[in-house]
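Chemist: Show me the folded form of this:
(one chain, ligands or ions: 2)
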Amino acid sequence: MSTILSVKNLNKIYAGGFQALKNINLDIRKGEIFALLGPNGAGKTTLISAICGIVNPTSGQILVNDHDINENFRLTRTLIGLVPQELSVETFEPVWDTVNFSRGLFGMAPNRKHIESILKKLTLWDKRNNRIMTLSGGMKRRVMIAKALSHEPQLLFLDEPTAGVDVELRKDMWNQVKELKDMGVTIILTTHYIDEAEEMADRIGVINKGEIIVTENKRKLMQKFGRKKLTLDLNEPFNAIPDQLTRWDLSLNDDGTQMSYTYDSSKEDNGISELLAELSLAGISYKDVHTKQSSLEEIFIQLVHAS
Ligand SMILES: Nc1ncnc2c1ncn2[C@@H]1O[C@H](COP(=O)(O)OP(=O)(O)OP(=O)(O)O)[C@@H](O)[C@H]1O
Ligand SMILES: [Mg+2]
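Modeler: Ligands and ions are numbered 1, 2, ... in the order given. The predicted model follows:
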């Protein structure tokens, strides 16, 4: 698969001396949805702003479709759409005019059909003549998305696209993002809703304190770092884990009716059959068994704490 964006050895030290990005290296493949996760202040917006030419990097290189953004700023900027984290849409302008004007800013010829289709896709068509300042927060965010799509970018950045958007609308937006992917747009999004990344992303990057600590295919990430928990509903409650079983990673719930075994789901030999044989030797019986895979949220917390 070809690379649409390549970030090489990127550093950003802000004027006050704070280093927000530390030697970032990142390649984004054409057509993927990449979710960038990280706690507040990790550097997500700084990285996106550097790629979009809003923040000047201290050192390093950024290539969009193999063009250096410094040498070919106008061209590369036209290939990019940005929905910023901070909304700046308190305007008297109607929705249609704002979105249409935005297309012109990128030197694109007017295209009413295109603007109409994105407004319909984002369910803003009924609001096309409304002044933006009269819209709700979630609608304003969708206007920002429409603006970012107005010039038909190949690479779309969504910085916290669903912050302040209600649950139902979030699901709608997930579908819209997937539709954009189907249309061939490459998408990089940041989010604090891990379920959003779990639902949408092909690949996940985790950034912490200005450093990318992992980039991995979502499924592989969940296999690699995921732990599984096997829980047995015991026939007789226990006060403590029996002595002969202390070599296993076992825990009891509060009333001693459930015993859980946590194991590494990526290992071929997870020890389950051996454990169950030992339980039977120890005379421990159970009436039900369930397993649970750790969520992306648990993996994320584990990764950020370890770095
Ligand atoms: N203009 C600036 N001048 C100085 N420091 C800045 C500036 N902008 C951001 N920072 C600092 O850089 C760090 C990264 O900020 P950034 O906005 O990139 O984080 P983020 O990952 O987007 O966080 P959030 O999840 O809260 O949006 C923070 O410590 C922030 O205080
Ligand atoms: Mg941010």
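Chemist: which residue packs closest to I241, ignoring adjacent ones?
Modeler: Nearest residue to I241, sequence neighbours excluded (CB to CB, 6 or more residues apart in numbering): L250, at 5.0 Å. Just so you know, the C-beta spots here come from the backbone N, C-alpha and C atoms, and that holds for glycine as well.
Chemist: Please name the bridge partners of the one you found.
Modeler: Y261 (DSSP bridges).
Chemist: what sits against it?
Modeler: Residues in contact with L250 (CB atoms under 8 Å, 6 or more residues apart in numbering) are 241, 259-261.
Chemist: Kindly give a single ChimeraX line that selects the buried subset of these.
Modeler: Here is the ChimeraX selection string for the buried members of the contacts of L250, based on 16 or more other CB atoms under 10 Å:
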select :259,260,261
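Chemist: count of residues packed around the closest residue to ligand 2 within the chain?
Modeler: Nearest to ligand 2 in the chain, going by CB to the ion, is T45, at a distance of 3.2 Å. Close neighbours of T45, defined as other CB atoms under 10 Å, add up to 20.
Chemist: The chain against ligand 2: which residues are in contact?
Modeler: Within the chain, the positions adjacent to ligand 2 are 44-45, 85 by CB under 5 Å from the ion.
Chemist: Adding pLDDT and secondary structure, write these out as CSV.
Modeler: Putting the residues of the chain next to ligand 2 into CSV (pLDDT from 0 to 100; DSSP: H, G, I helix; E, B strand; the rest coil) gives the following:
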residue, pLDDT, secondary structure
K44, 97, helix
T45, 96, helix
Q85, 88, coil
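Chemist: Distance-wise, check the residue nearest to I241 relative to S294.
Modeler: 17 Å (CB to CB, to the nearest Å).
Chemist: try F92
Modeler: In terms of CB to CB, F92 sits 49 Å off from S294.
Chemist: ok, those two, which is more surrounded?
Modeler: S294 (17 against 9).
Chemist: Now do the contacts for the more buried one.
Modeler: Contacts of S294 by CB under 8 Å, 6+ apart are 222, 225-229.
Chemist: in the helix or strand encompassing K181, what counts as buried?
Modeler: In the assignment (DSSP states H and E), K181 maps to helix 167-182. For helix 167-182, a neighbour-count test (16+ other CB under 10 Å) marks 169-170, 172-174, 176-177, 180-181 as buried.
Chemist: Who are the packing partners of it?
Modeler: strand 33-37, helix 137-149, strand 186-190, helix 194-200 (3 or more CB pairs under 8 Å, 6 or more residues apart in numbering; DSSP states H and E).
Chemist: Redo these as TSV? Include distance to ligand 1.
Modeler: Below are these laid out as TSV (distance: least, CB to the nearest ligand atom, whole Å):
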stretch	distance to ligand 1
strand 33-37	8
helix 137-149	15
strand 186-190	7
helix 194-200	13
